[in-house]
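>>> let me see the structure of the following:
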Amino acid sequence: MGEGALRPRRRVRAWSAVCAIVALGAAATASPAMAVPGNFWGVVPQIVPNSEQFQRLKIGGVDSVRTAIPWAAVQPAKGAPFNWSSVDPIVAGAAAAGIEVLPFLYGAPTWAVPAAPVPGTGGHIKAPRNLPVNTGAQRSGWQLFVREAVLRYGPQGSFWAQNPALPRRSIRVWQIWNEPNFKYFVARPNPAEYGKLVALSSAAVKGADPAARIVLAGLFARPIEATFKRKPPQAYFATDFLEQMYKSTPGIKSKFQGIALHPYTGEYQRLTPYIEEVRQVLAANHDASKGLWITELGWSSQPAHGAEDGFSKGLKGQAAQLKGAFRLLLAKQHKWHLQQVYWFSVDDLKGACNFCDGSGLFAKGFKPKPSWRAFVGFTGGRAG
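This next block holds a predicted model:
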(Lines give C-alpha, C1' and ligand atoms only; values in the text may rest on other atoms or scores of the structure.)
Protein backbone atom coordinates (compact mmCIF):
# COMPACT_ATOMS: atom_id res chain seq x y z
CA MET A 1 0.00 0.00 0.00
CA GLY A 2 1.47 3.35 -1.03
CA GLU A 3 1.69 6.12 1.51
CA GLY A 4 -0.35 8.61 -0.43
CA ALA A 5 -3.35 6.29 -0.30
CA LEU A 6 -3.36 6.74 3.44
CA ARG A 7 -2.86 10.48 3.48
CA PRO A 8 -6.04 12.48 4.26
CA ARG A 9 -7.14 15.61 2.41
CA ARG A 10 -5.44 18.78 3.58
CA ARG A 11 -6.14 22.45 3.05
CA VAL A 12 -3.90 23.93 0.40
CA ARG A 13 -2.69 26.82 2.50
CA ALA A 14 -1.31 24.40 5.10
CA TRP A 15 1.37 23.41 2.59
CA SER A 16 2.55 26.93 1.81
CA ALA A 17 3.39 28.86 4.95
CA VAL A 18 4.81 32.23 4.03
CA CYS A 19 8.47 32.97 4.67
CA ALA A 20 11.16 35.13 3.08
CA ILE A 21 12.81 33.87 -0.10
CA VAL A 22 16.49 33.17 0.44
CA ALA A 23 19.09 33.57 -2.31
CA LEU A 24 20.46 30.28 -3.58
CA GLY A 25 24.03 31.22 -4.48
CA ALA A 26 25.96 28.18 -5.65
CA ALA A 27 22.80 26.04 -5.83
CA ALA A 28 21.97 27.39 -9.26
CA THR A 29 25.12 25.89 -10.72
CA ALA A 30 25.18 22.58 -8.87
CA SER A 31 25.83 19.58 -11.09
CA PRO A 32 23.76 16.37 -10.98
CA ALA A 33 27.03 14.48 -11.30
CA MET A 34 28.11 15.48 -7.79
CA ALA A 35 28.82 12.50 -5.55
CA VAL A 36 25.99 11.64 -3.19
CA PRO A 37 25.47 8.83 -0.66
CA GLY A 38 24.29 5.48 -1.97
CA ASN A 39 20.55 5.09 -2.46
CA PHE A 40 20.17 8.88 -2.48
CA TRP A 41 17.29 9.24 -4.94
CA GLY A 42 13.91 8.00 -3.76
CA VAL A 43 10.22 8.23 -4.62
CA VAL A 44 6.94 7.65 -2.80
CA PRO A 45 4.34 5.58 -4.68
CA GLN A 46 0.68 6.27 -3.97
CA ILE A 47 -0.33 2.96 -5.56
CA VAL A 48 1.90 -0.12 -5.54
CA PRO A 49 3.73 -0.19 -8.91
CA ASN A 50 3.52 -3.32 -11.02
CA SER A 51 6.68 -5.18 -12.05
CA GLU A 52 7.04 -3.26 -15.32
CA GLN A 53 6.66 0.06 -13.50
CA PHE A 54 9.21 -0.93 -10.87
CA GLN A 55 11.67 -1.77 -13.63
CA ARG A 56 11.04 1.58 -15.27
CA LEU A 57 11.75 3.35 -11.99
CA LYS A 58 14.96 1.39 -11.58
CA ILE A 59 16.13 2.19 -15.10
CA GLY A 60 15.34 5.83 -14.36
CA GLY A 61 17.76 5.81 -11.44
CA VAL A 62 15.36 5.41 -8.53
CA ASP A 63 17.32 3.92 -5.62
CA SER A 64 14.61 3.64 -2.98
CA VAL A 65 10.85 3.72 -2.42
CA ARG A 66 9.19 4.86 0.77
CA THR A 67 6.02 3.16 1.94
CA ALA A 68 3.74 2.88 4.94
CA ILE A 69 3.41 -0.12 7.22
CA PRO A 70 0.27 0.76 9.18
CA TRP A 71 -0.40 -1.17 12.38
CA ALA A 72 -4.16 -0.89 11.84
CA ALA A 73 -3.91 -2.65 8.48
CA VAL A 74 -1.74 -5.58 9.60
CA GLN A 75 -3.53 -6.22 12.91
CA PRO A 76 -7.08 -4.85 12.69
CA ALA A 77 -8.43 -7.02 15.54
CA LYS A 78 -7.03 -7.36 19.05
CA GLY A 79 -4.99 -10.54 19.42
CA ALA A 80 -5.28 -11.33 15.69
CA PRO A 81 -2.24 -12.72 13.87
CA PHE A 82 -0.35 -10.15 11.85
CA ASN A 83 -1.41 -10.04 8.20
CA TRP A 84 1.29 -8.60 5.93
CA SER A 85 -0.62 -8.99 2.65
CA SER A 86 -0.89 -5.22 2.19
CA VAL A 87 2.87 -4.78 2.58
CA ASP A 88 4.37 -7.82 0.86
CA PRO A 89 3.65 -6.69 -2.74
CA ILE A 90 5.67 -3.48 -2.58
CA VAL A 91 8.57 -5.19 -0.79
CA ALA A 92 8.54 -7.98 -3.37
CA GLY A 93 8.25 -5.64 -6.35
CA ALA A 94 11.05 -3.41 -5.13
CA ALA A 95 13.33 -6.35 -4.35
CA ALA A 96 12.78 -7.87 -7.80
CA ALA A 97 13.75 -4.55 -9.39
CA GLY A 98 16.79 -4.03 -7.14
CA ILE A 99 15.26 -1.08 -5.28
CA GLU A 100 15.53 -0.42 -1.55
CA VAL A 101 12.43 0.03 0.64
CA LEU A 102 12.24 2.64 3.40
CA PRO A 103 9.17 1.85 5.52
CA PHE A 104 7.53 4.10 8.03
CA LEU A 105 5.70 2.37 10.86
CA TYR A 106 2.67 4.30 11.98
CA GLY A 107 -0.97 4.33 12.99
CA ALA A 108 -2.93 2.41 15.57
CA PRO A 109 -6.02 0.22 15.34
CA THR A 110 -8.99 1.59 17.27
CA TRP A 111 -8.90 -1.38 19.63
CA ALA A 112 -5.52 -0.08 20.84
CA VAL A 113 -5.97 3.71 20.61
CA PRO A 114 -9.37 5.39 20.23
CA ALA A 115 -9.84 7.50 17.13
CA ALA A 116 -10.67 11.18 17.45
CA PRO A 117 -11.96 13.73 14.93
CA VAL A 118 -9.21 15.76 13.28
CA PRO A 119 -9.77 19.39 14.30
CA GLY A 120 -11.20 21.53 11.54
CA THR A 121 -12.62 18.66 9.46
CA GLY A 122 -16.13 18.66 10.92
CA GLY A 123 -15.62 15.13 12.20
CA HIS A 124 -15.29 13.69 8.69
CA ILE A 125 -11.64 12.67 9.18
CA LYS A 126 -10.31 10.83 12.21
CA ALA A 127 -6.85 9.97 13.48
CA PRO A 128 -5.50 8.20 16.56
CA ARG A 129 -6.33 10.38 19.56
CA ASN A 130 -2.79 10.00 20.89
CA LEU A 131 0.36 8.06 20.15
CA PRO A 132 0.33 4.48 21.49
CA VAL A 133 2.37 5.15 24.61
CA ASN A 134 -0.15 6.05 27.31
CA THR A 135 -1.07 2.61 28.65
CA GLY A 136 0.76 -0.65 29.14
CA ALA A 137 -1.43 -2.30 26.51
CA GLN A 138 -0.65 0.42 23.97
CA ARG A 139 3.07 0.24 24.60
CA SER A 140 3.29 -3.55 24.48
CA GLY A 141 1.03 -3.72 21.41
CA TRP A 142 3.11 -1.19 19.51
CA GLN A 143 6.40 -2.84 20.40
CA LEU A 144 5.11 -6.22 19.29
CA PHE A 145 3.99 -4.75 15.97
CA VAL A 146 7.39 -3.11 15.41
CA ARG A 147 9.31 -6.24 16.36
CA GLU A 148 7.19 -8.41 14.06
CA ALA A 149 7.78 -6.02 11.15
CA VAL A 150 11.54 -6.31 11.61
CA LEU A 151 11.29 -10.10 11.95
CA ARG A 152 9.30 -10.14 8.71
CA TYR A 153 11.46 -7.91 6.51
CA GLY A 154 14.80 -7.64 8.32
CA PRO A 155 17.96 -9.66 7.56
CA GLN A 156 16.58 -12.90 9.01
CA GLY A 157 13.03 -12.11 7.94
CA SER A 158 10.36 -14.70 7.31
CA PHE A 159 9.41 -12.85 4.11
CA TRP A 160 12.76 -13.71 2.53
CA ALA A 161 12.54 -17.34 3.67
CA GLN A 162 9.09 -17.60 2.08
CA ASN A 163 10.28 -15.98 -1.17
CA PRO A 164 13.69 -17.56 -1.90
CA ALA A 165 13.57 -16.61 -5.59
CA LEU A 166 13.64 -12.91 -4.76
CA PRO A 167 16.92 -11.03 -4.38
CA ARG A 168 17.31 -10.48 -0.65
CA ARG A 169 17.10 -6.75 0.05
CA SER A 170 16.63 -6.75 3.80
CA ILE A 171 15.20 -3.62 5.38
CA ARG A 172 17.75 -2.12 7.78
CA VAL A 173 16.39 1.44 8.22
CA TRP A 174 13.04 2.03 9.95
CA GLN A 175 11.17 5.31 10.14
CA ILE A 176 8.91 5.83 13.15
CA TRP A 177 5.49 7.35 12.38
CA ASN A 178 4.65 10.07 9.87
CA GLU A 179 4.27 13.79 10.59
CA PRO A 180 3.54 13.39 14.32
CA ASN A 181 3.65 17.18 14.61
CA PHE A 182 0.52 17.51 12.47
CA LYS A 183 -3.10 16.78 13.40
CA TYR A 184 -3.86 14.45 10.48
CA PHE A 185 -1.59 11.69 11.81
CA VAL A 186 -2.30 12.09 15.51
CA ALA A 187 -5.26 14.22 16.51
CA ARG A 188 -3.40 15.65 19.51
CA PRO A 189 0.28 16.09 18.58
CA ASN A 190 2.56 15.79 21.60
CA PRO A 191 6.38 15.96 21.45
CA ALA A 192 6.81 14.16 24.78
CA GLU A 193 4.64 11.28 23.59
CA TYR A 194 6.67 11.06 20.41
CA GLY A 195 9.92 10.86 22.36
CA LYS A 196 8.48 7.92 24.30
CA LEU A 197 7.38 6.27 21.05
CA VAL A 198 10.88 6.58 19.58
CA ALA A 199 12.43 5.03 22.69
CA LEU A 200 9.95 2.13 22.64
CA SER A 201 10.48 1.60 18.92
CA SER A 202 14.24 1.65 19.23
CA ALA A 203 14.14 -1.11 21.82
CA ALA A 204 11.86 -3.22 19.64
CA VAL A 205 13.84 -2.72 16.43
CA LYS A 206 17.25 -3.26 18.01
CA GLY A 207 15.98 -6.32 19.84
CA ALA A 208 15.24 -7.95 16.48
CA ASP A 209 18.12 -6.44 14.47
CA PRO A 210 20.87 -4.79 16.55
CA ALA A 211 22.48 -3.24 13.48
CA ALA A 212 19.29 -1.61 12.20
CA ARG A 213 18.96 2.18 12.13
CA ILE A 214 16.09 4.35 13.34
CA VAL A 215 15.05 7.52 11.52
CA LEU A 216 12.59 9.94 13.07
CA ALA A 217 9.28 10.61 11.37
CA GLY A 218 9.21 13.09 8.54
CA LEU A 219 8.11 16.30 10.24
CA PHE A 220 5.93 18.75 8.34
CA ALA A 221 8.17 21.82 8.38
CA ARG A 222 5.72 24.67 9.00
CA PRO A 223 2.03 23.72 9.15
CA ILE A 224 -0.16 26.81 9.32
CA GLU A 225 -2.13 25.21 12.18
CA ALA A 226 0.93 25.63 14.37
CA THR A 227 0.20 29.36 14.43
CA PHE A 228 -3.31 28.90 15.80
CA LYS A 229 -3.71 29.84 19.46
CA ARG A 230 -5.61 26.70 20.44
CA LYS A 231 -5.19 24.11 23.16
CA PRO A 232 -4.33 21.37 22.81
CA PRO A 233 -2.17 22.37 19.82
CA GLN A 234 -3.25 21.11 16.40
CA ALA A 235 0.30 21.20 15.07
CA TYR A 236 3.86 22.30 15.78
CA PHE A 237 6.55 23.72 13.57
CA ALA A 238 9.16 20.99 13.08
CA THR A 239 11.73 23.01 15.02
CA ASP A 240 9.49 23.45 18.07
CA PHE A 241 8.48 19.79 18.02
CA LEU A 242 12.10 18.59 17.89
CA GLU A 243 13.20 20.99 20.62
CA GLN A 244 10.44 19.86 22.98
CA MET A 245 11.11 16.20 22.19
CA TYR A 246 14.75 16.62 23.22
CA LYS A 247 13.80 18.42 26.43
CA SER A 248 11.09 15.98 27.46
CA THR A 249 12.93 12.72 26.74
CA PRO A 250 16.28 12.28 28.51
CA GLY A 251 18.67 10.07 26.58
CA ILE A 252 16.66 10.32 23.36
CA LYS A 253 19.75 11.06 21.25
CA SER A 254 20.92 7.47 21.59
CA LYS A 255 17.59 6.09 20.35
CA PHE A 256 17.73 7.25 16.74
CA GLN A 257 20.34 7.68 14.04
CA GLY A 258 18.72 10.23 11.73
CA ILE A 259 16.02 12.85 11.41
CA ALA A 260 13.56 13.49 8.59
CA LEU A 261 11.75 16.50 7.21
CA HIS A 262 8.88 17.24 4.83
CA PRO A 263 9.77 20.79 3.73
CA TYR A 264 6.66 21.49 1.68
CA THR A 265 6.64 25.04 0.38
CA GLY A 266 5.25 27.06 -2.50
CA GLU A 267 8.68 27.80 -3.97
CA TYR A 268 11.87 25.75 -3.84
CA GLN A 269 13.85 28.84 -2.81
CA ARG A 270 12.25 28.60 0.63
CA LEU A 271 13.77 25.20 1.37
CA THR A 272 16.95 26.72 2.77
CA PRO A 273 15.48 28.29 5.91
CA TYR A 274 13.24 25.29 6.52
CA ILE A 275 16.21 22.93 6.56
CA GLU A 276 18.75 25.17 8.25
CA GLU A 277 16.46 25.96 11.18
CA VAL A 278 16.09 22.24 11.85
CA ARG A 279 19.83 21.71 11.69
CA GLN A 280 20.22 24.56 14.19
CA VAL A 281 18.00 22.69 16.67
CA LEU A 282 20.23 19.64 16.30
CA ALA A 283 23.35 21.72 16.89
CA ALA A 284 21.82 23.37 19.96
CA ASN A 285 21.17 19.90 21.40
CA HIS A 286 24.71 18.69 20.60
CA ASP A 287 23.35 16.28 18.00
CA ALA A 288 24.59 17.93 14.79
CA SER A 289 26.24 14.78 13.47
CA LYS A 290 22.87 13.18 12.73
CA GLY A 291 21.97 12.70 9.07
CA LEU A 292 18.91 14.26 7.46
CA TRP A 293 16.39 12.43 5.28
CA ILE A 294 13.98 14.43 3.12
CA THR A 295 11.27 11.77 3.03
CA GLU A 296 8.69 13.87 1.17
CA LEU A 297 9.15 16.75 -1.23
CA GLY A 298 7.12 17.75 -4.25
CA TRP A 299 4.80 20.05 -6.18
CA SER A 300 1.69 19.48 -8.26
CA SER A 301 1.50 19.53 -12.05
CA GLN A 302 -2.08 20.81 -11.87
CA PRO A 303 -2.67 24.46 -12.76
CA ALA A 304 -3.19 26.81 -9.82
CA HIS A 305 -6.84 27.16 -8.77
CA GLY A 306 -6.56 30.54 -7.09
CA ALA A 307 -4.27 33.09 -5.50
CA GLU A 308 -3.72 30.92 -2.40
CA ASP A 309 -2.88 27.81 -4.43
CA GLY A 310 0.84 28.38 -4.73
CA PHE A 311 1.63 24.68 -4.66
CA SER A 312 0.15 23.83 -8.09
CA LYS A 313 2.61 24.75 -10.83
CA GLY A 314 1.43 23.14 -14.06
CA LEU A 315 3.45 20.53 -15.95
CA LYS A 316 6.42 22.77 -16.80
CA GLY A 317 6.35 24.49 -13.43
CA GLN A 318 6.46 21.19 -11.53
CA ALA A 319 9.58 20.19 -13.46
CA ALA A 320 11.13 23.61 -12.83
CA GLN A 321 10.54 23.33 -9.07
CA LEU A 322 12.07 19.83 -9.06
CA LYS A 323 15.17 21.06 -10.89
CA GLY A 324 15.64 24.02 -8.57
CA ALA A 325 15.11 21.96 -5.43
CA PHE A 326 17.42 19.14 -6.50
CA ARG A 327 20.19 21.55 -7.51
CA LEU A 328 19.94 23.18 -4.11
CA LEU A 329 19.93 19.87 -2.24
CA LEU A 330 22.97 18.65 -4.17
CA ALA A 331 24.84 21.87 -3.50
CA LYS A 332 24.07 21.67 0.23
CA GLN A 333 24.24 17.87 0.60
CA HIS A 334 27.43 17.84 2.64
CA LYS A 335 26.60 20.88 4.77
CA TRP A 336 23.13 19.58 5.63
CA HIS A 337 24.24 15.93 6.06
CA LEU A 338 21.61 14.86 3.54
CA GLN A 339 21.29 11.08 3.28
CA GLN A 340 18.29 10.56 0.98
CA VAL A 341 15.70 12.60 -0.89
CA TYR A 342 12.23 11.26 -1.77
CA TRP A 343 9.95 12.89 -4.32
CA PHE A 344 6.25 12.74 -3.49
CA SER A 345 4.97 11.05 -5.56
CA VAL A 346 5.38 8.48 -8.35
CA ASP A 347 1.79 8.67 -9.56
CA ASP A 348 -1.30 10.86 -9.33
CA LEU A 349 -4.14 9.79 -7.03
CA LYS A 350 -7.22 11.97 -6.96
CA GLY A 351 -8.73 12.71 -3.56
CA ALA A 352 -5.90 11.34 -1.42
CA CYS A 353 -4.79 14.88 -0.49
CA ASN A 354 -5.27 18.39 -1.80
CA PHE A 355 -2.41 18.05 -4.33
CA CYS A 356 -2.16 14.25 -4.81
CA ASP A 357 -4.04 14.41 -8.11
CA GLY A 358 -1.03 16.15 -9.66
CA SER A 359 1.96 15.26 -7.48
CA GLY A 360 3.17 12.34 -9.58
CA LEU A 361 6.13 12.07 -11.91
CA PHE A 362 3.78 10.01 -14.06
CA ALA A 363 0.22 10.73 -15.16
CA LYS A 364 -2.57 8.20 -15.70
CA GLY A 365 -1.37 5.13 -17.58
CA PHE A 366 2.15 5.70 -16.21
CA LYS A 367 2.69 8.36 -18.82
CA PRO A 368 5.85 10.33 -17.93
CA LYS A 369 5.55 14.03 -17.20
CA PRO A 370 8.31 16.60 -17.79
CA SER A 371 9.13 16.21 -14.10
CA TRP A 372 10.13 12.57 -14.65
CA ARG A 373 12.60 13.59 -17.34
CA ALA A 374 13.92 16.24 -14.96
CA PHE A 375 14.23 13.66 -12.17
CA VAL A 376 16.19 11.30 -14.41
CA GLY A 377 18.51 14.15 -15.34
CA PHE A 378 19.75 14.13 -11.74
CA THR A 379 19.88 10.37 -11.13
CA GLY A 380 21.87 9.57 -14.28
CA GLY A 381 19.27 7.01 -15.32
CA ARG A 382 17.25 6.71 -18.51
CA ALA A 383 13.75 8.18 -18.90
CA GLY A 384 12.59 5.27 -21.04
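
>>> can you get me a residue count around residue 379?
Number of residues near residue 379 (other C-beta atoms under 10 Å) recorded here: 18. C-betas here are computed from N, CA, C, even on glycine.

>>> over to residue 45?
Applying other C-beta under 10 Å, we find 27 residues neighbouring residue 45.

>>> mind checking how far residue 277 is from residue 105?
Distance of residue 277 to residue 105, given as C-beta to C-beta, to the nearest Å: 27 Å.

>>> what about the two, which has more around it?
Legend: neighbour count by other C-beta under 10 Å for residue 277 and residue 105, higher for residue 105 (24 against 16).

>>> starting from the helix or strand hosting that one, tell me which strands it pairs with and how they run.
Element membership of residue 105, judged by DSSP states H and E, is strand 100-106. Partners of strand 100-106 in the sheet, by DSSP bridges, are strand 64-70 (parallel), strand 173-176 (parallel).

>>> now do the helix or strand following it: distance to the chain's middle.
Note on strand 100-106: by DSSP H and E, the next helix or strand toward the C-terminus is strand 115-117. How far strand 115-117 lies from its chain's middle: 22 Å, per C-alpha atoms, centre = their mean, to the nearest Å.

>>> pull out the buried positions in strand 115-117.
If you call a residue buried by 16 or more other C-beta atoms under 10 Å, then strand 115-117 has these buried ones: residue 116.

>>> helices or strands up against it?
On a contact count with 3 or more C-beta pairs under 8 Å, 6 or more residues apart in numbering; DSSP states H and E, strand 115-117 meets strand 126-128.

>>> the helices in the stretch 51-200 of the chain, which residues?
51-59, 71-74, 88-97, 136-153, 158-162, 191-208 (DSSP state H, counting those that start in this stretch).

>>> now for the last one, which elements pack on it?
To tie it back to what came earlier, the one meant is helix 191-208. helix 136-153, strand 173-176, strand 213-220, helix 238-248.

>>> quick one: buried residues of the longest one?
Judged by neighbour count using 16+ other C-beta under 10 Å, the buried positions of helix 136-153 are 138-139, 141-143, 145-153.

>>> which ones are touching the residue nearest in space to the middle of the chain?
Geometric centre of the chain, nearest residue: residue 295, 3.9 Å, by C-alpha atoms, centre = their mean. Taking C-beta atoms under 8 Å, 6 or more residues apart in numbering, we find residue 295 in contact with 42, 44, 66, 102, 104, 175, 215, 218, 260-262, 340, 342.
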